[in-house]
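Q: mind folding the following:
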Amino acid sequence: MSLWTAHAIAAAVGGAAHGEFAVDGVTFDSREVTAGDLFIALQGEATDGHRFIDGALARGAAGLLVSEPASAPHVLVADTMAALNALGGAARDRSGAVRIGVTGSVGKTGVKEALKAALGRFAPGAVHASVKSYNNHTGVPLSLARMPAASRFGVFEMGMNHAGELTALTALVQPHIAVVTWVASAHREFFATEADIARAKAEIFSGLPAGGTAIIPHDNIHADVLAAGARAAGANIVRFGQNDGADVWAEQVKLHPDCSCVTARIGKDRLTFRIGMAGKHWVNNALAVLAAVQAAGGDLALAGLALAEFNDLAGRGRRLRVPAGGGQAVVIDEAYNANPASMAASLAVLGAIVPARHGRRLALLGAMKELGELSAEFHAGIAPHLIEAGVAIAVLVGPEMQPLAKALGRQLDVRHVSSAEAAQAELQGVLAADDVLLVKGSNSVGLGRIVTALAEESPA
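A: Next up is the predicted model:
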C-alpha cells in the first residue's frame, strides 16, 4: 500500500491534483529523493525548491507538490510550506499511532532513537520516528507526513532555540506523551536565564490531550518549572531520575567504560538491564525511555533488551577503531553537537576509559555555539572536566575556545587551531596506537568530517 496518492494529498492540503500518482516517501531535499518519492518544492529565503524539480524527477520522484504548474504529475497549492504542515496533520489524523514527542537541551536524538528501538521490539515494523535530527519547523511536519497510516507508535523529536517554537510544533504533533530529557544552557544566546529555557521546553506539554503524560527529569534543577507547565496542561506527570522521589528511578547503577548496568523501578515494576551506551547521562536517558515505553503500553523487558544493543549512534557516542601509529586508536564520535552539559558528560565517559598499553586520552573539541554573552565563561568552565578526565592532549577548534585554552594554561598539552581542517592536520601528528580520542563540538564546526575521514581509513 502506498504512503500517499495524488488525490489523498490533494484532499489533505486543499490542492488540485494534476495526473495520477502514488508515492512511498516524502522529501523537500532534491538530493535525498529516491524512486517513488513525493518532492515538495519549498520556497525559502535563500532558494526556491521549484528550481530543483528536474533534478528530483531525474532521481525518481513519482509526484510533486508545487505552487507553480509543472509538466510532471503534481498537486498544485498556493503555499507549499502550508501544504507540508497540512499533509503532516492529515498523516497524524488518519493514524491510530500513539505519538510521543521528545525535547530537551541534551539527549533528544538519543532518546528518540532508543525509543524507536525499544518500541520496535514490541511492535516490529510498526514504529515510525523522525530521521536524523529533523526537529524544526520543516523537519517535524515532514516527519509526520512520512508516517504510514498503519503505524502503532510515532516518535517525534522537537527542538527549539527561541520561546514559542515548541508551542507550534507540539500543536502540530499533538503527542499523547511528551518527554523532556534535560534542561541546560543550550541556545543560551536567546534566553536571559536557564529557567527561561525550562519554560520554553515546557511548551511541549501544551500539545498534550487532557490526561496525556508529561515525562520530566526529576534530578534537574528546573524540574518544578517543567512540572508547573505540565500541570497547567492537565497532564499526568511522571518523573524519572537517579534520586529518591522519582516515579521511574535507578535503584542501582554500575558504570563501566563502555556500558552501564542498572536496576530500575518503573512504577510498581522492577527491571535490571544493560545500556549499550556509556555514561551517567545515558542512565538518565534510559530511564526516560522506560517511562515513555510504559506510558505508551509497550513491553519493559523488550525495551531493556533493545537498550542493551543500543551502541552505534553516529555523532552521539558511537565508537570506532581507526588506524594510528602502526596500530589502532579508539574514536568516540560525539561530533554532532555540544553544549556545556553534554561536553562535561562526554569528558566523564572519556575519563572512565583506561587506554591499552601506552595509549593516552585525547580530546578534539569544537566551539559550543549560541551561548551568547556567557560564551567565554562556559568555554573556560570545561577546563576542570578535561583535567579530571586525564586528557593528555587537547586540540581546541574555533575562536570561542580561546578562554578554555587560557584556563588550561600549561596543565596539559593544548593545541588551539582555527578550523576543522587545521585540527585534522594537527591530529595526524599526534594520534598514536592505543590512544582514545573524543571528538565533540557544535555541528557547524565540522568535526564530523574528521570522524568520517578517520573512519574511511579503517580497513573494511
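Q: any low-confidence regions in the protein?
A: Counting by pLDDT under 70, the chain has low-confidence residues at 458-460.
Q: biggest helix in it by residues?
A: helix 280-296 (DSSP state H).
Q: ok, then the element right after that helix?
A: Going down the chain from helix 280-296, the next helix or strand is helix 300-308, by DSSP states H and E.
Q: next helix or strand past that following helix?
A: Moving toward the C-terminus from helix 300-308, the next element (DSSP H and E) is strand 318-324.
Q: ok so, going back, how far does the longest helix of the chain sit from its chain's centre?
A: Counting by CA atoms, centre = their mean, to the nearest Å, helix 280-296 is centred 15 Å from the centre of its parent chain.
Q: same check on stretch 132-147?
A: With CA atoms, centre = their mean as the basis, stretch 132-147 stands 12 Å off its chain's centre.
Q: likewise for stretch 426-446?
A: 22 Å.
Q: adjust the sequence numbering to begin at 186 for everything that follows.
A: All right, first residue 186 from here; so that's stretch 611-631.
Q: okay, domains of the protein per the record?
A: Here the domain parsing of the chain from automatic domain parsing is 189-264, 280-493, 503-641.
Q: ends of the last one, what's the gap?
A: Same thing as domain 503-641. 15 Å (CA to CA, to the nearest Å).
Q: how about the second one?
A: Terminal residues of domain 280-493 are spaced 30 Å apart (CA to CA).
Q: one step back: tell me what angle the longest helix of the chain forms with helix 485-493.
A: Orientation of helix 465-481 against helix 485-493 (axes from the mean of the first three to the mean of the last three CA atoms, to 10 degrees) gives an angle of 150 degrees.
Q: now do the buried residues in helix 465-481.
A: 465-481 (16 or more other CB atoms under 10 Å). From N, CA and C alone the C-beta is placed, and that goes for glycine too.
Q: returning to what we had before: indicate which one of the domains of the chain is closest to Gly273.
A: Nearest of the domains of the chain to Gly273, taken as CB to CB: domain 280-493 at 3.3 Å.
Q: for that closest one, what is the distance to the chain centroid?
A: 11 Å.
Q: so His601, which state does it fall into?
A: strand (DSSP: H, G, I helix; E, B strand; the rest coil).
Q: so it is in contact with Leu581, correct?
A: Yes: look at His601 against Leu581 with CB atoms under 8 Å: they come within range, at 4.7 Å.
Q: what residues are shared contacts of the two?
A: Common neighbours of His601 and Leu581, using CB atoms under 8 Å, 6 or more residues apart in numbering, are Ala590.
Q: more neighbours, these two?
A: Leu581 (25 against 19; other CB atoms under 10 Å).
Q: what's next to the one helix or strand that one maps to, contact-wise?
A: Using DSSP H and E, Leu581 maps to strand 576-582. With contacts defined as CB under 8 Å, 6+ apart, strand 576-582 is touched by 532, 535, 545-552, 571, 589-590, 593, 597-605, 607-608, 611-612, 615, 626, 630, 632.
Q: chain center to it: distance?
A: Strand 576-582 has its C-alpha centroid displaced from the chain centroid by 25 Å (CA atoms, centre = their mean).
Q: give me the buried positions along it.
A: Judged by neighbour count using 16+ other CB under 10 Å, the buried positions of strand 576-582 are 576-582.
Q: from those, pick the one nearest Val340.
A: For those, the nearest to Val340 is Val582 (32.7 Å; CB to CB).
Q: who does the closest one bridge with?
A: As for beta bridges, Val582 partners with Gly551, Val602 under DSSP bridges.
Q: most tightly packed of the domains of the chain?
A: Comparing the domains of the chain by mean neighbour count (mean count of other CB atoms under 10 Å), domain 280-493 comes out on top with a mean of 21.
Q: surely Leu571 is in contact with Leu549?
A: No: if you go by CB under 8 Å, Leu571 and Leu549 don't touch, sitting 11.7 Å apart.
Q: just checking, which of the contacts of strand 576-582 belong to strands?
A: Mapping these onto strands (DSSP state E) picks out 546-551, 598-602.
Q: can you put these in JSON lines and add distance to Asp233?
A: What follows is these, written out as JSON lines (distance: CB to CB, whole Å):
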{"residue": "Arg546", "distance to Asp233": "48"}
{"residue": "Leu547", "distance to Asp233": "45"}
{"residue": "Ala548", "distance to Asp233": "42"}
{"residue": "Leu549", "distance to Asp233": "38"}
{"residue": "Leu550", "distance to Asp233": "38"}
{"residue": "Gly551", "distance to Asp233": "32"}
{"residue": "Asp598", "distance to Asp233": "49"}
{"residue": "Val599", "distance to Asp233": "46"}
{"residue": "Arg600", "distance to Asp233": "43"}
{"residue": "His601", "distance to Asp233": "41"}
{"residue": "Val602", "distance to Asp233": "38"}
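Q: could you single out the nearest of these to Thr352?
A: So of these, ranked by how close each gets to Thr352 (CB to CB), first place is Gly551, at 31.1 Å.
Q: go ahead and confirm the closest one touches Ser603.
A: No: contact between Gly551 and Ser603 fails when scored by CB under 8 Å: they sit 11.3 Å apart.
Q: so what sits against both of the two?
A: 582-583.
Q: pretty sure Val447 sits in a strand.
A: Yes: under three-state DSSP, Val447 falls within a strand.
Q: may I have stretch 351-360 as CSV, with CA atoms only?
A: What follows is stretch 351-360, C-alpha atoms only, in CSV (Å, rounded to 0.1, in the frame of the first residue of the first chain):
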residue,chain,number,x,y,z
LEU,A,351,7.7,24.3,20.7
THR,A,352,4.2,25.6,21.1
ALA,A,353,3.8,25.5,17.3
LEU,A,354,5.5,22.1,16.9
THR,A,355,3.6,20.4,19.7
ALA,A,356,0.3,21.8,18.3
LEU,A,357,1.1,20.0,15.0
VAL,A,358,2.2,16.7,16.5
GLN,A,359,-0.4,16.6,19.3
PRO,A,360,1.6,14.0,21.3
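Q: can you give the contact residues for it?
A: Applying CB under 8 Å, 6+ apart, the external contacts of stretch 351-360 come out as 270, 273-274, 277, 284-286, 288, 320-322, 325-326, 329, 341, 343, 345, 363, 385-386, 388-394, 397.
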